[in-house]
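> Provide a 3D model corresponding to the input given below.
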Amino acid sequence: MTRAAAAPANGGESILLTPPGYLQRATLPLPSLVLLLPMVVMYEVGTRYLTTAARHGHDQQIIAFSKLQEFFHLFGATGRHLPALAVVVILLAWHIARNDTWRVEMATVVGMFAESIMLSLPVLLLGFLINRYLSVAAVCPSSASAIVSGADGIRDRLIMDLGAGVYEEFVFRLVLFTLFSLIFKDLLKLQSGLVYLLMVVISGLLFSAYHYWNPAEQLVWRIFAFRAAAGIYFGVIFLFRGFGVTASSHAFYDIIVTLL
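This next block holds a predicted model:
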């Protein structure tokens with residue numbers, strides 16, 4: 001359990017206490033929302049006003065965001081902000097369902113920010129090792145593709161990087177892991193260890209395959225393997241560190257690749 005209850009001396013209703021340590025607090029949905037909300041807002045503002053496409057009257061989105069819009073459209077719901085609202089609403093609903101405290105310590109959010117940067121670095125090392133030993137040029141692609149070169153291209157990429165971290169992890173970890181848990185654990189009654197292994201491996205493979213929705217992507221098996229390994233890595237982070245740290249780690253990795 002990540003929360004504790006203490007009964008007051010007068011026998012009244014119990015009160016919820018903040019989890020005892022940073023490692024527990026950082027996995028909770030409300031601190032995750034506080035950490036990710038600025039990224040969500042910056043992505044919304046950036047894709048609406050700041051990208052090269054937006055300044056020419058076009059809409060430029062990452063694939064995960066667009067597919068979420070298409071999913072909502074199947075149920076008659078339309079609107080460019082629906083994926084962002086989905087992230088916010090699900091995290092709030094998760095928080096309410098857990099009955100956690102509404103108090104968020106800023107030290108926790110700062111710690112999550114720093115932890116995310118540190119956890120993004122092994123993906124860079126993974127890409128370096130694959131590039132060194134499997135001879136793949138530019139094997140460390142970020143999730144977003146640059147459309148324009150120069151300063152405009154970097155700005156566009158940075159905006160897309162924020163969206164990739166939030167929405168790709170939302171789809172491939174938060175949503176898929178929940179679905180896989182229902183199928184493998186609740187329906188098929190598999191052992192927990194096997195369930196977690198299947199979650200991580202399948203979501204990693206699907207994450208890599210997802211990039212080929214972009215018609216500009218050419219299938220290179222070594223790059224596919226790198227992305228699958230990165231997806232598996234983010235899956236492991238999700239299991240141990242929660243959604244907020246995972247999504248921001250993904251975003252920071254993409255940002256570092258863009259700046260390099």
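
> count of residues packed around residue 91?
Using other CB atoms under 10 Å, the number of residues around residue 91 comes to 23. For glycine as for every other residue, the C-beta is placed from the backbone atoms N, C-alpha and C.

> Does it lie in a helix or a strand, and which?
Element membership for residue 91 (DSSP states H and E) is helix 82-98.

> What are the buried residues along that helix?
82, 83, 84, 86, 87, 90, 91, 94, 95 (16 or more other CB atoms under 10 Å).

> Now do the same for residue 125: helix, strand or coil?
helix (DSSP: H, G, I helix; E, B strand; the rest coil).

> do the same with the one 5 residues further on
Assigned state for residue 130: helix (three-state reduction, three-state DSSP).

> Report how many residues lie close to residue 158.
Using other CB under 10 Å, residue 158 has 21 neighbouring residues.

> what residues are up against it?
Residues near residue 158 by CB atoms under 8 Å, 6 or more residues apart in numbering: 255, 258.

> again, only this time at 10 Å
If a contact means CB atoms under 10 Å, 6 or more residues apart in numbering, then residue 158 has 42, 43, 46, 50, 51, 142, 144, 251, 254, 255, 258, 259 as its contacts.

> of the residues you listed, buried ones?
For the contacts of residue 158, a burial check counting by 16+ other CB under 10 Å picks out 43, 46, 50, 51, 142, 144, 251, 254, 255, 258.

> Nearest spatial neighbour of the last one, chain-adjacent residues omitted?
To tie it back to what came earlier, the one meant is residue 258. residue 157 (4.4 Å; CB to CB, 6 or more residues apart in numbering).

> Show me where this protein has its strands.
Along the chain, the segments classed as strands by DSSP state E run 4-6, 15-17.

> Return the member of those having the minimum mean pLDDT.
Between the strands of the chain, the lowest average pLDDT goes to strand 4-6, which shows a mean of 39.

> Mind jotting down where the helices sit in the stretch 51-200 of the chain?
Residue ranges of the helices in the stretch 51-200 of the chain, as given by DSSP state H, counting those that start in this stretch, are 52-55, 63-73, 82-98, 106-134, 150-163, 169, 176-180, 192-210.

> Any chance of CSV for the ones you listed, columns mean pLDDT?
Shown next, in CSV, are those (pLDDT from 0 to 100):
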stretch, mean pLDDT
helix 52-55, 88
helix 63-73, 93
helix 82-98, 96
helix 106-134, 89
helix 150-163, 88
helix 169, 97
helix 176-180, 95
helix 192-210, 95
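
> what's the most buried one of those helices?
Comparing those by mean neighbour count (mean count of other CB atoms under 10 Å), helix 169 ranks first with a mean of 29.

> Summarise which helices and strands that one is packed against.
helix 221-259 (3 or more CB pairs under 10 Å, 6 or more residues apart in numbering; DSSP states H and E).

> Give the rounded mean pLDDT of the helix it packs on.
pLDDT averaged over helix 221-259 gives 94.

> Which other helices and strands does it contact?
helix 22-25, helix 29-45, helix 82-98, helix 106-134, helix 150-163, helix 169, helix 176-180, helix 192-210.
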